[in-house]
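S.K.: sequence? don't have it. structure:
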Ligand SMILES: O=C(O)[C@H]1O[C@H](OP(=O)(O)OP(=O)(O)OC[C@H]2O[C@@H](n3ccc(=O)[nH]c3=O)[C@H](O)[C@@H]2O)[C@H](O)[C@@H](O)[C@@H]1O
């Protein structure tokens, strides 16, 4: 026999006019009991829901702690807004990822100097000496560029940034760089160059307005291509390293976001970029360090004793290519995740068009440093390297007005100048004596503490003082006479 409660289940929701009283009381008791147990179940459900919510929150919080809790809050938002402010007619507001990186620093500075709003983003990882990244950050801060400390995999942080600033452009330079390190730490390439890229593109696609995206691919996508010079239409389906494969994947991934969501995309294939504030993991940089410290350098050689060659490209030329890409980028056509029409998709080589062999590059460094290198020449290990690179830049020339003007000799001279002013003394010689030869003649022996020296005001000191960077955090001043020009960026690392 069904219970009353069960019976009631089948009663019409609007009961009839006449009711048996005893049955009604009985029913009320059961109804009351039923509703108590329902309430109990509801309460249990609510408790479970609250517990689930709280544990989810703590998961999310610990997640954001993992990425870095260094973002958020009223002050932070104020800094982001102020950094994004545009100071020229029809200027851009640009999110520069990897802003504390080599290319990111230079591009951020160039954009800010011409009046664009720039917000940097960087996770300050320790792939190479983070103090160099901090130094670049401080230099950018002295130009009122704020760098958000965060990871491009942090979707919440990105959503917040896009909520605060309607970015017109994203200059995406954050990446796991380095060709040979991919054998040591393959997952870091997938994390940054694939997962991070997708997270960033998701944020761009959802935002309204959608920004135009310009991002760093790599000459390494040409892989085993033997046809020279490399043109954008050449084969790129035979990468020689996982690094190259992730950059190639990036080109395909950005294409899908262009196709489905109407994001305007420009991919730039950089050719071995070098210069001041460069990356210590790159050959020209580590060779300089070793040569100055009297340590040997290893020079790879290809099969049949062939010398390896690179189309080394100076940073200022690359910056011009990046800025030209931003200037010529058309608007994205979608908004809030919906495509409204076909959008621009471009890929350009940014190279120098004149490859130089690695031994020749070493020769230039020896001349600049006035020190002979101790060379170990070995056969190129199977580590992802390619024998040569050589860019055809006619596309970039035509569409971006890209024209590289710095040869390796001139570029390395500027790099060495910076290197010595940044890292200080070597072989008992001061930076100044390297830069100015015999002109250093008078020494005042005065020691002065500076936090940060940069810009015109301080550079004016140059008329009277040479300021030599000491890596200990102290700057020493030397009287060198009025006629000497002073390098314009001097930085005291924290
Ligand atoms: O253009 C590019 O696509 C790439 O350029 C560089 O990669 P790579 O050209 O290999 O630059 P380096 O690591 O500075 O090597 C330059 C040359 O020096 C050689 N090398 C490197 C290191 C070493 O100890 N000895 C040596 O002979 C390499 O084989 C290569 O031929 C960057 O490191 C990559 O991030 C970038 O994507």
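M.R.: That came in fine, so what should we check first? These numbers were taken from a predicted model, which means no experiment stands behind them.
S.K.: The residue in the stretch 301-450 of the chain that the ligand sits nearest to: what's it in contact with?
M.R.: Nearest residue of the stretch 301-450 of the chain to the ligand (C-beta to the nearest ligand atom) works out as residue 308 at 3.8 Å. Quick note: C-beta positions are derived from backbone N, CA and C, even for glycine. Counting by C-beta atoms under 8 Å, 6 or more residues apart in numbering, residue 308 makes contact with 300, 301, 302, 357, 358, 380, 385, 387, 388.
S.K.: So, low pLDDT: which residues of the stretch 1-150 of the chain?
M.R.: Within the stretch 1-150 of the chain, the segments meeting pLDDT under 70 span 1-37, 51-69.
S.K.: now the stretch 351-494 of the chain
M.R.: Where the stretch 351-494 of the chain drops to pLDDT under 70, the residues are 424-494.
S.K.: hey, where'd the helices end up in it?
M.R.: Using DSSP state H, counting those that start in this stretch, the helices of the stretch 351-494 of the chain run over residues 358-369, 394-400, 408-423, 431-436, 456-459.
S.K.: And the stretch 51-200 of the chain, by the same measure?
M.R.: Using DSSP H, counting those that start in this stretch, helices in the stretch 51-200 of the chain cover 74-84, 102-113, 130-141, 155-164, 186-189, 197-206.
S.K.: what would the helices of the stretch 351-494 of the chain look like in JSON lines with mean neighbour count and distance to residue 114?
M.R.: JSON lines is the format used below for the helices of the stretch 351-494 of the chain (neighbours: other C-beta atoms under 10 Å; distance: least, C-beta to C-beta, whole Å):
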{"stretch": "helix 358-369", "mean neighbour count": "19", "distance to residue 114": "31"}
{"stretch": "helix 394-400", "mean neighbour count": "17", "distance to residue 114": "16"}
{"stretch": "helix 408-423", "mean neighbour count": "20", "distance to residue 114": "21"}
{"stretch": "helix 431-436", "mean neighbour count": "20", "distance to residue 114": "29"}
{"stretch": "helix 456-459", "mean neighbour count": "12", "distance to residue 114": "17"}
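S.K.: Switch these over to CSV; also include distance to residue 349.
M.R.: Formatted as CSV, the helices of the stretch 351-494 of the chain follow (distance: least, C-beta to C-beta, whole Å):
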stretch, distance to residue 349
helix 358-369, 20
helix 394-400, 6
helix 408-423, 18
helix 431-436, 34
helix 456-459, 36
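S.K.: Quick check: which of those is nearest to residue 216?
M.R.: Among the helices of the stretch 351-494 of the chain, the nearest to residue 216 by C-beta to C-beta is helix 394-400 (13.9 Å).
S.K.: wait, is residue 43 part of a helix?
M.R.: Yes - under DSSP: H, G, I helix; E, B strand; the rest coil, residue 43 falls within a helix.
S.K.: Burial check on it, number of neighbours?
M.R.: A total of 10 residues lie near residue 43 under the criterion other C-beta atoms under 10 Å.
S.K.: Quick check: it vs the ligand, distance?
M.R.: 58 Å (C-beta to the nearest ligand atom, to the nearest Å).
S.K.: Next: residue 141.
M.R.: Residue 141 is 26 Å from the ligand, by C-beta to the nearest ligand atom.
S.K.: can you pull the contacts of that residue?
M.R.: residue 147.
S.K.: what do you get for residue 147?
M.R.: Shown in contact with residue 147 (C-beta under 8 Å, 6+ apart): 99, 100, 120, 121, 122, 137, 140, 141.
S.K.: ok, and the most crowded of those?
M.R.: residue 120 (31 neighbours).
S.K.: Quick check: the gap between that one and the ligand.
M.R.: Noted for residue 120: a distance of 20 Å to the ligand, by C-beta to the nearest ligand atom.
S.K.: about what we covered before: what score does the residue of the stretch 301-450 of the chain closest to the ligand have for pLDDT?
M.R.: On pLDDT, residue 308 comes in at 97.
S.K.: can you check the one 3 residues further on too?
M.R.: At residue 311 the predicted local confidence, pLDDT, stands at 98.
S.K.: Surely it and residue 353 touch.
M.R.: Yes - counting by C-beta atoms under 8 Å, residue 353 is a contact partner of residue 311 at 6.7 Å.
S.K.: which of these two has more neighbours?
M.R.: Neighbour count, other C-beta under 10 Å: between residue 311 and residue 353, residue 311 has more, with 25 against 17.
S.K.: ok, residue 367 to residue 373 distance?
M.R.: To residue 373, residue 367 is 11 Å away according to C-beta to C-beta, to the nearest Å.
S.K.: what's the neighbour count on residue 238?
M.R.: The local packing of residue 238 (other C-beta under 10 Å) involves 13 other residues.
S.K.: How about the residues of this protein by the ligand?
M.R.: Near the ligand, the residues belonging to the chain are 177-179, 218-220, 270-272, 282-283, 298-300, 308, 310, 358, 385 when assessed by C-beta under 6 Å from any ligand atom.
S.K.: Could you identify the buried members of the residues you listed?
M.R.: Taking 16 or more other C-beta atoms under 10 Å as the criterion, what is buried in these is 177-179, 218-220, 270-272, 282-283, 299-300, 308, 310, 358.
S.K.: okay, and for the stretch 201-350 of the chain, where does confidence drop off?
M.R.: In the stretch 201-350 of the chain, no residues with pLDDT under 70.
S.K.: Please enumerate the helices of it.
M.R.: Using DSSP H, counting those that start in this stretch, the helices of the stretch 201-350 of the chain run over 242-261, 283-293, 315-328.
S.K.: could you redo those helices as a markdown table and give each row distance to residue 40?
M.R.: Below are those laid out as a markdown table (distance: least, C-beta to C-beta, whole Å):
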| stretch | distance to residue 40 |
| --- | --- |
| helix 242-261 | 48 |
| helix 283-293 | 69 |
| helix 315-328 | 62 |
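S.K.: So which of the ones you listed is nearest residue 93?
M.R.: Distance to residue 93, taken as C-beta to C-beta, is lowest for helix 315-328 among those, at 11.2 Å.
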